Structure formats: structure tokens, C-alpha cells
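> The following block contains a protein sequence and its predicted model.
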Amino acid sequence: MKKLFLFLIAFACLFQNRASGQTLHGDYGGTVSRKFYIGVYRDGSYQLVDSLIISDRGTISVPLRDEWRGVIIVACGDYVKSWEEAFRNANPETSLQFVFEGQDITYKTSWRHQSYPTYLQYGEGTEATVALKSLNTQFNALQERIYYMEQLLKKTPQESEFQTALQQELSYSAEKFNLFVDSVTSNFKGLPFMTLYSQMFKQVMPPASVPLNQRAEWTAQHLFDYTDLQNPLTANVPLFMDKIHQYLYLNTPAGGTPTAAIERLQAKMGFPLPPLPSLQSREQQLRNKVLTTNMDELYGSPGYHDTVNSWLVLYNVDYGKFPGMFAEDMLTVLDRIKSPEAFTGFANDLLVISTKFGWDNEGTKIAEYLYQNQSRLKNPTGVIRKAISNGRLQPGMPAPAIAGAELTQKTLLVFYESGCNSCENEMRQLVANYSVLKENGIEVISISSDNAQIVFEQHSKDFPWMKKLCDFKGVEGENFKNYGVMGTPTFFVIDATGIILGKYPRLIDTGLLN
């Protein structure tokens, strides 16, 4: 069965007296799971209150009764002998657990591929839900900002003015966010679970006086200052598991085990620790948040650009932890977007980012994806139209005509820009290996994106091949548009019949020098 990560807290609403008539709506997106049990937590265990078979479309709709107020579980009944077993062995990947205080509950699951993280998206609903979405958005942006500022802090001179100023800025950012959390909490004083949940968002930040080498230990000791460790409902808050992850990460030495840290934490708690996830690095935790981002909500919000820009450090080829995975992760985010406007705008920004950072392979993957998903685009811009052309030109497809030259034999077509470092390196290699290509019957055609004739002529005068093209229109030139070139250099290998054999970012990748 495809895995569904359905462990989520349902959020309270202001209208506590409107319990009757509320409904639980679930869309399992075509899952093969059929039978589900519904239980209510009473006197230390879940009691069965309903069971159902989901529709052929993979949906459920269940009236929520007033007497069900409290913690509710919806557990998969496939492959178990009884409802007791379903509740007792409920897997967080196949069950939904939430707190019901009189509101509609709407959720939907979806996935792109079994190896990608799945997600649960809450439907439109209560005022408390809207407040928590705002908390989540600002919290994620703040966490990423704090993480990168802390990395910068490690690289600054010890006891310097800049280091002190940076530590003060970190503390100020946390204090400002905590005031925002308090303002949200004050609006929902009548809902105890809302208070429990929102207060857990609060940040702990070492004072500027704490030495750099003691900051991690201080944070680990104070991480739960705003968490009610005596309230059993705390275990039902997803944010609590994030805090445990961070706590173990800060408390576990390299090559060690988190056992001692777990024992110290358990001693402070009034309820058993829930099953613990595998320990992940801070970078992996941040990547998981990228992969589960709700772009429909984030796109167009005040924190959109800052949030997306903060992701790029993870994928930087020089110091990022996940180089070469930018396109793969961004396609996961794109797959989950519902709004055509958000899909188109975010896709446009991804292409701009790929070009700006020279991530040509990543840009090509995104372009191919957009070509396959054109129906999801709304009023695509020039850069996306170019990407669609790029995605269309796959191996086995006819090569577009070349303005200024004809294809008469097997050809290496290279798009480049004078002065571009990677282009200059590739063109030097091409010149050095031209004789090998010529002996193998391969013609070379180069197309420059230069705008000035003197620049083009100066850089191309020593190229030993005959067909050297430039229309001085830059990347808006006819050939660049027809071939959908997203970045330079780009190499196309075309056979003698005009069929594309492949496109590559480097000469060595073409296989023509073997």
C-alpha cells in the first residue's frame, strides 16, 4: 500500500457550541486501503465509535458527534483482526489522529512517487486554522533564518563586535517571534488545546553572553521551556516531534547514541514518549520542511521570496548538503501545487534561479517537467515558453532548423556566451579536440549569445570550424528561442538525418571524445 503520512492535529475553532452538524471529510487520493475504524480517547485508551468502508473514489464523509469531543483516531482496518488491534498498532503513516473541539475537519492526501514524502493538506476552515497556518509559515522562515545565521556565527572571529551583534540579532529575532506567538495565543484563550499548540512554537535563544561553544548545550537544556511536558495531549502535536528531533540532535555526540538524552527528557515528562523517528541532521530536517511546503499558501505571501531564497543554501554545489537534488526536490513541491497561478509563478522563479546559479542540469529537468505539464500553466511568461521548447527537444525528436546554417552531417551544436567562465573553459576544450571530431566526421556549429559584434569576432576568431553564428540578439535570438536554451554552454548532438541524439551541459558528457 502506498504510504500516507497522516499523523496530524486538527485545529480548534472559536465556535465551541457548534459541534452538532460538523463533518469529517477525507480524500485518500486513490489509496487501496478500504476499511477504517474511528475511535475516541477515553480513560486511557481509544474506544470504538464508528467504522466504515471508503468510497470507490477513495473518500470518506463522517458526521462528527458532540460526544466525540477530545482526541479522535481514524485507523486503517486492513490487515488487522479487530478494531482493538487497529488502534493499538496504529501506524502514523496510515492513521489520522486529531483533537476535535467542534469544527469541521477536512484533509486530503496525495503523492508523486513512493520514494517522495507524502503530505496532508488541511482544507479551508476555522479562524484557528488560519492562525496556525500563519504561525507555521513564519515559524519555518524564522527557523531557516536562525540556522543560517548560526552557521555564519561559527565563522566569525571570537569575541568580535560583529559576533556580539550577530548574537544580539538572533535573540531579537526570537523575542519578536515569541511576541507574535503570544498575540495569537491571546485570541484563543477559551481553547486549551490551541494555547498548548501555539505556545510550543516559541523559540529559545541563548543570550549574547553565552559563549559560542556553549550555545548548543544551552539550547538543548532550554528547548522545552515553552512546552507543557505534563500534558498527555502534547504527544499529539506534530511540532513536539520536531522539538524532540532537535533535542536529540543537540544532545547526541558524533558516533554516539541518543539513549542518555532520551532518558533525561523522559524524566521531565508526565506521559510516555511517542515512538521516536530516526535521528536526522539539521540540514535534513530543513530539507524535509522544503519537501512538505504548502506552496499554494506560501506563494504570494510576504515571506515567499525570503523562504525560497533560504532553501538555496541546501543545494549549493560548493557547500550545500544536497547538491544536484534541487530539481528533484522542487518537482516534488510543484507536484503538490493546486493553484495555476502559484504553479506558474513558482516554476518561473525556479527557472530564473537555475539560470542565475548556472544549474543547467537542474534547469533542464525542470524544463522537461513543464513540457509534460503544460496544462497546469496559466499565462506562461517568455522564460517558461522557452523552457517548454527546451523540454520538447528530447532525444529522438527532430532538431529545429538553424538560422544561418544547414545540417548536412552528424553535428555538434554548441550554444555559448563570450566571457562566461564555464563557456570559456568548454570552448577551449572544444578547440583542443576539434581535430578528433573532424576526423570522426562530426561538424561543429557554434552559436553565440553576444550582443556586440566586436566581442563576438574577438572571441570566435580562433575557432577552427567554419560555421560560427551570432545574430547579436542575445538569448532572445531565433536559434536560442527555437532550441529553448536555458543556460550556456549547452551542447546538442544531432545525427545526419536531423534527429537529436542528446543535449548536454559539458563537452565531455557528449561521449564524442571517446
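Yep, that arrived.

> neighbours around the closest residue to Ala235 other than its chain neighbours, how many?
Excluding the flanking residues, the one nearest Ala235 by C-beta to C-beta, 6 or more residues apart in numbering is Pro274, at 4.8 Å. Every residue, glycine included, has its C-beta placed from N, CA and C. By the criterion of other C-beta atoms under 10 Å, Pro274 has 14 neighbours.

> again, but for the one 10 residues further on
Gln284 has 16 neighbours, counted by other C-beta under 10 Å.

> which non-adjacent residue is nearest it?
Nearest to Gln284 is Lys321, by C-beta to C-beta, 6+ apart, at 7.6 Å.

> Name the SS class of the one you found, please.
coil (DSSP: H, G, I helix; E, B strand; the rest coil).

> Can you name every helix or strand that whichever strand or helix holds Ala75 contacts?
Using DSSP states H and E, Ala75 sits within strand 70-76. If contacts are counted by 3 or more C-beta pairs under 8 Å, 6 or more residues apart in numbering; DSSP states H and E, strand 70-76 sits against strand 35-42, helix 83-88, strand 95-100.

> Domain boundaries for the protein, per the record?
Here the domain parsing of the chain from automatic domain parsing is 22-122, 127-277, 293-392, 411-510.

> Turn those domains into a markdown table, including mean pLDDT.
Output for these, formatted as a markdown table (pLDDT from 0 to 100):
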| stretch | mean pLDDT |
| --- | --- |
| domain 22-122 | 72 |
| domain 127-277 | 81 |
| domain 293-392 | 85 |
| domain 411-510 | 90 |
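
> Kindly present those domains as a markdown table, with separate columns for distance to Ala399.
Shown next, in a markdown table, are the domains of the chain (distance: least, C-beta to C-beta, whole Å):
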| stretch | distance to Ala399 |
| --- | --- |
| domain 22-122 | 31 |
| domain 127-277 | 43 |
| domain 293-392 | 11 |
| domain 411-510 | 5 |
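
> of all those domains, which lies closest to Ala403?
Across the domains of the chain, Ala403 has its closest neighbour in domain 411-510 (4.6 Å, C-beta to C-beta).

> Distance from the chain centre to the closest one, please.
Relative to its chain's centre, domain 411-510 lies at 34 Å (C-alpha atoms, centre = their mean, to the nearest Å).

> same deal with stretch 39-51?
Offset of stretch 39-51 from its chain centre (C-alpha atoms, centre = their mean): 36 Å.

> ok, residues contacting it?
Residues outside stretch 39-51 that contact it (C-beta atoms under 8 Å, 6 or more residues apart in numbering): 35-38, 62, 65, 68, 70-73, 75, 77, 83, 87.

> Tell me which stretches of this protein form strands.
In the chain, the strands defined using DSSP state E lie at 22-27, 35-42, 45-53, 59-64, 70-76, 95-100, 105-110, 119-122, 411-416, 443-448, 467-469, 490-494, 500-504.

> Let's have these in JSON lines, adding distance to Gly363 and mean neighbour count.
What follows is the strands of the chain, written out as JSON lines (distance: least, C-beta to C-beta, whole Å; neighbours: other C-beta atoms under 10 Å):
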{"stretch": "strand 22-27", "distance to Gly363": "34", "mean neighbour count": "18"}
{"stretch": "strand 35-42", "distance to Gly363": "43", "mean neighbour count": "20"}
{"stretch": "strand 45-53", "distance to Gly363": "46", "mean neighbour count": "15"}
{"stretch": "strand 59-64", "distance to Gly363": "38", "mean neighbour count": "16"}
{"stretch": "strand 70-76", "distance to Gly363": "41", "mean neighbour count": "22"}
{"stretch": "strand 95-100", "distance to Gly363": "38", "mean neighbour count": "22"}
{"stretch": "strand 105-110", "distance to Gly363": "26", "mean neighbour count": "19"}
{"stretch": "strand 119-122", "distance to Gly363": "25", "mean neighbour count": "18"}
{"stretch": "strand 411-416", "distance to Gly363": "13", "mean neighbour count": "24"}
{"stretch": "strand 443-448", "distance to Gly363": "18", "mean neighbour count": "22"}
{"stretch": "strand 467-469", "distance to Gly363": "23", "mean neighbour count": "17"}
{"stretch": "strand 490-494", "distance to Gly363": "10", "mean neighbour count": "23"}
{"stretch": "strand 500-504", "distance to Gly363": "12", "mean neighbour count": "19"}
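
> For Arg287, find the nearest of those.
strand 119-122 (14.2 Å).

> quick one: buried residues of the lengthiest helix in the chain?
Criterion DSSP state H: the longest helix present in the chain is helix 127-155. By neighbour count on 16 or more other C-beta atoms under 10 Å, the buried set for helix 127-155 is 128-129, 131-133, 135-147, 150, 153.

> follow-up on the earlier one: quick check: the farthest pair among the contacts of stretch 39-51?
Lys35 and Gly70 (23.3 Å).

> Report how many residues lie close to Thr408.
Around Thr408 there are 9 residues (other C-beta under 10 Å).

> shouldn't it be in contact with Ile445?
No - judged on C-beta atoms under 8 Å, Thr408 makes no contact with Ile445 at a distance of 10.4 Å.

> which non-adjacent residue is nearest Val493?
Using C-beta to C-beta, 6+ apart, the closest residue to Val493 is Leu501 (4.3 Å).

> Could you do Lys365 as well?
Ala327 (3.8 Å).

> For the one you found, give me its contacts.
Neighbours of Ala327 in contact, by C-beta under 8 Å, 6+ apart: Ser354, Trp359, Asn361, Glu362, Gly363, Lys365, Ile366, Tyr369.

> Out of the residues you listed, which two sit at the greatest distance?
Trp359 and Tyr369 (14.4 Å).

> So if I had to pick from the two, which one is more boxed in?
With neighbours defined as other C-beta under 10 Å, Trp359 and Tyr369 compare such that Trp359 has more, 25 against 18.

> ok so, going back, from Glu84, how far off is the residue nearest to Ala235?
Distance, Pro274 to Glu84, using C-beta to C-beta, to the nearest Å: 19 Å.

> where's the residue nearest to Ala235 relative to Asp329, distance?
Using C-beta to C-beta, Pro274 is found at 27 Å from Asp329.
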